[in-house]
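[1] Only the shape, not the letters, is given here:
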Ligand code: MG
């Protein structure tokens with residue numbers, strides 16, 4: 001048995017390659033805390049997490065001051081034990097986004113180490129259920145884009161082989177949302193999925209009013225229609241809507257997903273590996289969904305989710321938003337609109353360490 005000898009924490013900002021906007025926010029930069037855990041026997045694992053523009057320095061501070069020191073001398077194979085103990089050690093700040101995002105950086109590093117130790121790619125080590133998953137793109141559906149630009153990018157995505165595209169909704173007037181979606185539907189035809197995403201901007205009344213208009217255009221799902229803490233609102237909407245309700249990118253613990261599933265308040269589970277606290281809790285949520293015959297279509301982080309959606313039998317879609325190209329030489333492999341998980345041992349992301357170190361605005365070593 002080896003033990004954890006040191007933890008290095010780096011903080012990198014990755015600007016988005018294109019402007020990204022939705023009904024409540026803009027994607028400013030991907031704040032990316034990296035964690036490198038080094039063992040006494042010389043082996044190591046790398047993990048990471050993210051925010052879309054605020055809170056990254058707080059994640060790094062929590063890692064540096066409270067979480068990383070608790071890892072020194074521990075057995076890195078005790079992944080479940082470490083996750084649980086770190087959660088309890090930070091009980092005063094959990095459940096919460098900052099804590100979950102910090103836990104993810106450590107948990108993904110431990111999974112990376114374990115997979116490398118066993119010579120296994122993540123998708124096989126975590127289950128190996130599917131050889132590939134269909135991909136849809138969000139990169140051409142941002143709210144600030146004109147209808148003409150939405151149509152152009154959706155048609156282009158379709159010609160590139162994508163199986164679907166997500167279009168942001170939440171324009172002040174329903175007629176505007178409807179006109180934008182109708183233009184896209186008429187351009188791509190019926191053989192291409194269109195999903196919509198409101199980013200929590202509606203009241204229950206407004207979501208109930210708009211849902212039939214989206215359903216009329218055969219929309220694949222209605223994502224984050226309401227504030228994430230409005231469980232009862234989601235339950236009532238899910239009971240009445242005639243299109244699937246998708247929820248999960250703003251939930252931060254397996255227990256919160258349990259609440260949604262028990263209440264039958266969503267149809268598509270969009271668990272985000274960073275925001276839920278890492279691979280360990282991500283798999284619990286995916287298996288919970290499987291037990292309840294619910295599909296998983298995770299939010300963002302395609303470079304990691306390609307291995308997780310293929311690990312589980314109910315992984316239904318991968319969301320295409322490339323974000324690591326500046327700091328990794330590997331690319332998500334897509335053939336005929338389906339993503340194929342990497343076969344390299346570990347997380348399957350080939351980090352460009354000189355570039356990460358060049359971009360780092362903070363570096364801490366705990367030992
Ligand atoms: Mg979303």
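    That came through fine. Fair warning: this is a prediction, and the values are worked out from it, not measured in the lab. Numbering: from 1, shown residues only.
[2] Please report how far the residue of the stretch 251-367 of the chain found nearest the ion lies from residue 19.
    Nearest residue of the stretch 251-367 of the chain to the ion, counting by C-beta to the ion: residue 299, 5.8 Å away. Heads up, the C-betas are built off the backbone N, CA and C, glycines and all. For residue 299, the distance to residue 19 equals 19 Å [C-beta to C-beta, to the nearest Å].
[3] So between these two, which is more surrounded?
    A direct count of neighbours by other C-beta atoms under 10 Å for residue 299 and residue 19 places residue 299 higher, at 25 against 10.
[4] Give me the neighbour count for the closest residue to the more buried one other than its chain neighbours.
    Closest residue to residue 299 apart from its sequence neighbours, by C-beta to C-beta, 6 or more residues apart in numbering: residue 249 at 3.5 Å. Applying other C-beta under 10 Å, we find 21 residues neighbouring residue 249.
[5] Thought residue 233 was touching residue 200, still the case?
    No. Residue 200 sits out of contact with residue 233 when judged by C-beta atoms under 8 Å, with a separation of 10.4 Å.
[6] hey, where'd the helices end up in this structure?
    56-62, 79-89, 97-118, 122-125, 147-160, 174-188, 204-216, 231-240, 254-262, 279-291, 302-311, 353-359 (DSSP state H).
[7] elements contacting the last one?
    It stands for helix 353-359. strand 4-14 (3 or more C-beta pairs under 8 Å, 6 or more residues apart in numbering; DSSP states H and E).
[8] give me that answer again for 10 Å
    strand 4-14, strand 30-39, strand 44-48 (3 or more C-beta pairs under 10 Å, 6 or more residues apart in numbering; DSSP states H and E).
[9] Select, out of those, the one closest to the ion.
    So among those, strand 30-39 is nearest, using C-beta to the ion, at 15.1 Å.
[10] That closest one packs against which elements?
    Going by 3+ C-beta pairs under 10 Å, 6+ apart, strand 30-39 lies up against strand 4-14, strand 44-48, helix 56-62, helix 97-118, helix 353-359, strand 362-366.
[11] repeat that with 8 Å
    Using 3+ C-beta pairs under 8 Å, 6+ apart, strand 30-39 sits against strand 4-14, strand 44-48, helix 56-62, helix 97-118.
[12] Now do the longest one: distance to the chain's middle.
    Put simply, helix 97-118 sits 14 Å off its chain's centre (C-alpha atoms, centre = their mean, to the nearest Å).
[13] packing partners for it?
    strand 30-39, strand 44-48, helix 56-62, helix 79-89, helix 122-125, helix 279-291.
[14] Kindly report the same for the first one.
    Here strand 4-14 touches strand 30-39, helix 56-62, helix 353-359, strand 362-366, going by 3+ C-beta pairs under 8 Å, 6+ apart.
[15] Looking at these, spot the one closest to residue 189.
    strand 30-39 (33.7 Å; C-beta to C-beta).
[16] could you give the angle of that closest one to strand 4-14?
    160 degrees (axes from the mean of the first three to the mean of the last three C-alpha atoms, to 10 degrees).
[17] orientation of strand 30-39 relative to helix 97-118 in degrees?
    Going by the same axes, to 10 degrees, strand 30-39 makes 50 degrees with helix 97-118.
[18] Mind telling me which residue of the chain is nearest the ion?
    Counting by C-beta to the ion, the chain gets nearest the ion through residue 197, at 4.3 Å.
[19] beta partners of the residue nearest to that residue when sequence neighbours are not counted?
    Excluding the flanking residues, the one nearest residue 197 by C-beta to C-beta, 6+ apart is residue 223, at 3.9 Å. Beta-bridge pairing for residue 223 (DSSP bridges): residue 197, residue 246.
[20] In stretch 253-269, which of the residues would be classed as buried?
    For stretch 253-269, the neighbour count (16 or more other C-beta atoms under 10 Å) marks 253, 254, 256, 257, 260, 261, 265, 266, 267, 268, 269 as buried.
[21] if you look at it, does any of it touch the ion?
    No. Stretch 253-269 stays clear of the ion (C-beta under 5 Å from the ion), getting no nearer than 11.0 Å.
[22] In a markdown table, list the helices and strands packed on strand 30-39 along with mean neighbour count, mean pLDDT and distance to the ion.
    Putting the helices and strands packed on strand 30-39 into a markdown table (neighbours: other C-beta atoms under 10 Å; pLDDT from 0 to 100; distance: least, C-beta to the ion, whole Å) gives the following:
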| stretch | mean neighbour count | mean pLDDT | distance to the ion |
| --- | --- | --- | --- |
| strand 4-14 | 20 | 97 | 19 |
| strand 44-48 | 23 | 98 | 20 |
| helix 56-62 | 21 | 98 | 19 |
| helix 97-118 | 25 | 98 | 15 |
